[in-house]
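Undergrad: quick one: sequence and predicted model below, then my questions.
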Amino acid sequence: MIGRWGQSEPEEEVVEPKGFDDFDLKLGDVMRGERATMGKSLLDVQRELKIKASYIAAIENADPSAFDTPGFIAGFVRSYARYLNLNPDWAFDTFCQESGFEPVHGMSAEALPARKARDAKVAGPVDPLSKPAVPFTPEQSRFLETVEPRAIGSSLVLLAMIGGLGYGAWAVVQEVQRVDVAPIEQPPTAIVQLDPLAGPVATAGSVVAETTQPTSDTLDRLYRPPALDVPVLVARDAPIATLNPDAQGVFAATQDRLPSVGAADGVQVVDGPTPEVVLFAVAPTWVRVQTADQSVLFEKILNEGEEYAIPVTEETPILRAGNSGSLYFKVNGTIVGPAGEGTGPVSDVLLASTDLNALYTPATPEEDQALFDLLQDLNAPDVLPKPVALQTAPVDAVSLISANDSWVRVRNADGDVVYEGIIAPGQVQTLPEGLDGSLRAGNSGSLYFQVGDMVFGPVGPGASTARNVDVSLEGIQANYSLVDAARIPGLVQ
């Protein structure tokens, strides 16, 4: 009780909040803060001040032991302080206080760089390459230092495996080539002794087999006379032109044995020739021909007028092409197609003549201007449309001609109808001389103006309707250009 009441109660320490000035700032904190404010790293300072980054870090950490030469510490600290816009003298004094560094005179022993104690000189010559004095020369390493124990173990395991495989192969070869010879108890003895010069001798208990002499055929097969260097020629009494190979010679005997293979008249014994299928293009078209197993037989861009003959194979080839509206087929000289419409692609088209004739209709050059021009250039009159004779028009008069049926209405300047009707191909409708009026026509792409032997047009594009067309001679010559009637389907002269 006495001891308990005698103890004093512990006093509670009052912790007051500390301000910015209550903390001790070291030189390194100040320098790092200034460097961070400038946005510089240690490598940036090294690049600009030409001082190693390790020296800069040693200055911030107040560690003079990181410097090789103590005499340069003062210059490095002051240079770094000026770089950070600090007082150089204050920075150096603070560095000395925090690190315990004492400045030394430049010529004193303490200012020299620390040198390692040199070993005693060894008697005898020293190899300069084994112990180089320059720092950039690498030191020689011992042989055992470059050898790893794991590599030695791997090499031993590899050698053991090679030795085991070699021994196994040698054992198998020895087992295969081993021959066991079993000795017998009874040695061999001669049963009969014969004289090679004497004839066959009959002994007691023996039978002499009868021998037969070989025939001449057998000897001929075994012994043949050598070939002659020069063949033996037999002279003939008649000229060679009079010789009949069917009556004599090697082929004389075989003529009678040959069966007659001639067929009766009107009987077909073999299949006819395979119809020829040819691809040709009127404009550049990409074509790929392949077999059923996807093997490519032909792949190319066929230019205008270029052809490709489909080879005869067991399976029907398959076609895939682009710009199919410009690709046609020629089956035994008959043009069918086109393969598709416009510039779209086609695929999986069987290139057999029966399939093409069933899928496509014969081509009409009158409907395809490109096909008509190509056939015109190739001079193919057998596939071109039959020529339509144009009637002779007066030289100074304006006439209307058409490649297809076109409806036409012509009015004069007063609005009266001069002509109205349908102009058929080959028909020439002559307008009155000096007519100053207008024209309205349907299917205007097939309607042309004829002035003497000259043809102008067409009146309009395609199957559109043309309105208020000037039909005077001056208006036609000013608004339309000359065309070659021979290159227009339906206007072939």
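TA: Looks like it came in fine.
Undergrad: and residue 155, backbone torsions?
TA: With angles defined as degrees, to the nearest 10, residue 155 sits at phi -60, psi -40.
Undergrad: now the helices for the stretch 251-400 of the chain?
TA: Applying DSSP state H, counting those that start in this stretch to the stretch 251-400 of the chain gives helices spanning 252-255, 353-359, 369-378.
Undergrad: least reliable of those going by mean pLDDT?
TA: Mean pLDDT per stretch puts helix 252-255 lowest among these, at a mean of 57.
Undergrad: okay, now residue 296: neighbour count?
TA: Residue 296 sits with 9 neighbouring residues when counted by other C-beta atoms under 10 Å. (Each C-beta comes from the backbone N, C-alpha and C, glycine too.)
Undergrad: quick check: the gap between it and residue 311.
TA: Counting by C-beta to C-beta, to the nearest Å, the gap from residue 296 to residue 311 is 13 Å.
Undergrad: for residue 468, which residues are in contact?
TA: Going by C-beta atoms under 8 Å, 6 or more residues apart in numbering, residue 468 touches 438, 439, 440.
Undergrad: now intersect those with the strands, please.
TA: 438, 439, 440 (DSSP state E).
Undergrad: neighbours of the last one, how many?
TA: In other words, residue 440. Residue 440: 17 surrounding residues under other C-beta under 10 Å.
Undergrad: from residue 309, how far out is it?
TA: Taken as C-beta to C-beta, the span from residue 440 to residue 309 is 50 Å.
Undergrad: give me the element the closest residue to residue 441 other than its chain neighbours is part of.
TA: The shortest distance from residue 441 to any non-neighbouring residue, by C-beta to C-beta, 6 or more residues apart in numbering, is to residue 408 (4.7 Å). Residue 408 is located in strand 406-411, with elements delineated by DSSP states H and E.
Undergrad: what strands line up against that strand, and which way round?
TA: Strands that pair with strand 406-411, judged by DSSP bridges, come out as strand 417-423 (antiparallel), strand 438-441 (antiparallel).
Undergrad: which residues are in contact with the shortest one?
TA: Defining contact as C-beta under 8 Å, 6+ apart, one finds that strand 438-441 is touched by 406-411, 447, 459-460, 465-471.
Undergrad: low-scoring stretches of the stretch 301-450 of the chain, by residue?
TA: 364-396 (pLDDT under 70).
Undergrad: just the strands in it please.
TA: 307-309, 318-321, 327-331, 334-336, 346-350, 399-402, 406-411, 417-423, 429-430, 438-441, 447-451 (DSSP state E, counting those that start in this stretch).
Undergrad: show me what counts as buried in the second one.
TA: Spelled out, that is strand 318-321. Buried residues in strand 318-321, counted by 16 or more other C-beta atoms under 10 Å: 318, 319, 320, 321.
Undergrad: just the first one next, same as before
TA: Within strand 307-309, the residues that qualify as buried are residue 308, counting by 16+ other C-beta under 10 Å.
Undergrad: and it, what does it pack onto?
TA: Strand 307-309 makes packing contacts with strand 277-281, strand 296-302 when contacts are defined by 3 or more C-beta pairs under 8 Å, 6 or more residues apart in numbering; DSSP states H and E.
Undergrad: could I get the ones you listed as CSV with distance to residue 103?
TA: CSV is the format used below for the helices and strands packed on strand 307-309 (distance: least, C-beta to C-beta, whole Å):
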stretch, distance to residue 103
strand 277-281, 98
strand 296-302, 89
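Undergrad: neighbouring contacts of stretch 150-170?
TA: By C-beta under 8 Å, 6+ apart, stretch 150-170 touches no other residue.
Undergrad: one more time with 10 Å, if that's ok
TA: Residues from elsewhere that reach stretch 150-170 (C-beta atoms under 10 Å, 6 or more residues apart in numbering): residue 148.
Undergrad: so residue 329 versus residue 349, what's the distance?
TA: Residue 329 is 9 Å from residue 349, where distance means C-beta to C-beta.
Undergrad: between the helices and strands packed on strand 307-309, which gets nearest to residue 175?
TA: Between residue 175 and the helices and strands packed on strand 307-309, the shortest gap by C-beta to C-beta is with strand 296-302, which sits at 56.1 Å.
Undergrad: buried residues, the closest one. List them.
TA: Across strand 296-302, burial judged by 16+ other C-beta under 10 Å covers 298, 302.
Undergrad: got the angle between that strand and strand 277-281?
TA: 30 degrees (axes from the mean of the first three to the mean of the last three C-alpha atoms, to 10 degrees).
Undergrad: give me the mean pLDDT for the helix or strand hosting residue 56.
TA: Here residue 56, judged by DSSP H and E, is contained in helix 53-60. The average pLDDT for helix 53-60 rounds to 90.
Undergrad: helices or strands up against the next helix or strand after that helix?
TA: With elements assigned by DSSP H and E, the helix or strand that comes after helix 53-60 is helix 73-83. Judged by 3 or more C-beta pairs under 10 Å, 6 or more residues apart in numbering; DSSP states H and E, helix 73-83 is in contact with helix 27-38, helix 42-49, helix 53-60, helix 88-99.
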